[in-house]
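[1] sequence isn't available, so here's the structure alone:
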């Protein structure tokens with residue numbers, strides 16, 4: 001799955017109460033995109049058009065991928081441990 005990086009406002013964790021409220025509101029309003037492929041939601045990508053993308057990647061991994069492949073490699077081991 002791919003998102004247009006110029007359209008991303010924020011990448012946040014879904015574990016906090018505000019994160020959970022964001023997910024519920026987006027689902028209720030039809031503004032959520034589930035890109036987890038059946039896995040646990042570990043990151044939320046807030047888009048500039050109001051949509052919320054649910055991701056199975058950690059926010060640190062997503063941010064690292066925005067910065068390039070060498071940044072993302074540092075976080076992939078941590079995600080494998082969580083599964």
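    Structure received. All of these numbers come straight from a predicted model, not from anything done at the bench.

[2] residue contacts, residue 34?
    residue 54 (CB atoms under 8 Å, 6 or more residues apart in numbering). C-beta here means a position set from N, CA and C on the backbone, and glycine is covered the same way.

[3] and with 10 Å instead?
    By CB atoms under 10 Å, 6 or more residues apart in numbering, residue 34 lies in contact with 1, 23, 27, 41, 52, 53, 54, 55, 56.

[4] who's in contact with the spatially closest residue to the first one that is not a sequence neighbour?
    The one in question is residue 1. Closest residue to residue 1 apart from its sequence neighbours, by CB to CB, 6 or more residues apart in numbering: residue 35 at 4.2 Å. By CB under 10 Å, 6+ apart, the residues touching residue 35 are 1, 2, 3, 41, 43, 45, 53, 54, 55, 56, 57.

[5] identify the farthest-apart pair in those residues.
    The most widely separated members of those, counting by CB to CB, are 2 and 41 (17.7 Å).

[6] returning to that earlier point: of the contacts of residue 35, buried ones?
    3, 41, 43, 45, 53, 54, 55, 56, 57 (16 or more other CB atoms under 10 Å).

[7] OK, contacts around the closest residue to residue 52 other than its chain neighbours?
    Excluding its sequence neighbours, the residue lying closest to residue 52 (CB to CB, 6+ apart) is residue 26, at 3.9 Å. Shown in contact with residue 26 (CB under 10 Å, 6+ apart): 32, 33, 44, 46, 50, 51, 52, 53, 54.
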